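Peer 1: Mind folding the following:
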Amino acid sequence: MKRRRASPFVIGAFVVGALALLVVALIALPGQHWFKRPERVVMFFSGSVFGLQKGAPVV
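Peer 2: Numbering: from 1, shown residues only. Just a heads-up that it's a prediction; the model follows:
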C-alpha cells in the first residue's frame, strides 16, 4: 500500500475551520456570559417582605 502525504493546505483549512467554529460557538451560545462579571444588586423594602428569605435566589 502506498502512503499518501498530507496536504498542508488541507491541514491549514481544517485548523482555521475548527477555530472559526469554536469562536462562533462561544458567541452563539444563548444565555452564557463567558467574559462578563455577574452583577450584584442590593434592594431595600419599606413594606412587608413576608415570604422572602435571606440569600434566596432572584429569578
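
Peer 1: Helices of the protein, residue ranges please.
Peer 2: Using DSSP state H, the helices of the chain run over 8-28.

Peer 1: Poorly predicted segments of it, please.
Peer 2: Judged against pLDDT under 70, the low-scoring parts of the chain cover residues 1, 31-34.

Peer 1: could you measure Leu19 against Ala13, distance?
Peer 2: Spatial separation of Leu19 from Ala13 under the definition Cβ to Cβ, to the nearest Å is 11 Å. Every C-beta, even on glycine, is put in place using the N, C-alpha and C of the backbone.

Peer 1: hang on, I meant Ala20
Peer 2: Distance, Ala20 to Ala13, using Cβ to Cβ: 10 Å.

Peer 1: what do you get for Gln53?
Peer 2: When Cβ to Cβ is applied, the distance between Gln53 and Ala13 equals 56 Å.

Peer 1: which one of the two has more residues nearby?
Peer 2: Shown here are Gln53 and Ala13; by other Cβ atoms under 10 Å, Ala13 has more neighbours (11 against 7).

Peer 1: And the more buried one, how close does it get to Ala28?
Peer 2: Spatial separation of Ala13 from Ala28 under the definition Cβ to Cβ is 22 Å.

Peer 1: swap in Val10?
Peer 2: Applying Cβ to Cβ, the value for Val10 to Ala28 is 26 Å.

Peer 1: got it, and Ala56?
Peer 2: Distance of Ala56 to Ala28, given as Cβ to Cβ: 32 Å.

Peer 1: likewise Met43?
Peer 2: 33 Å.

Peer 1: One more: Val49?
Peer 2: 39 Å.

Peer 1: Looking at these two, which is more packed in?
Peer 2: Relative neighbour count places Val49 above the other of Val49 and Ala28, with 11 against 8, counting by other Cβ under 10 Å.
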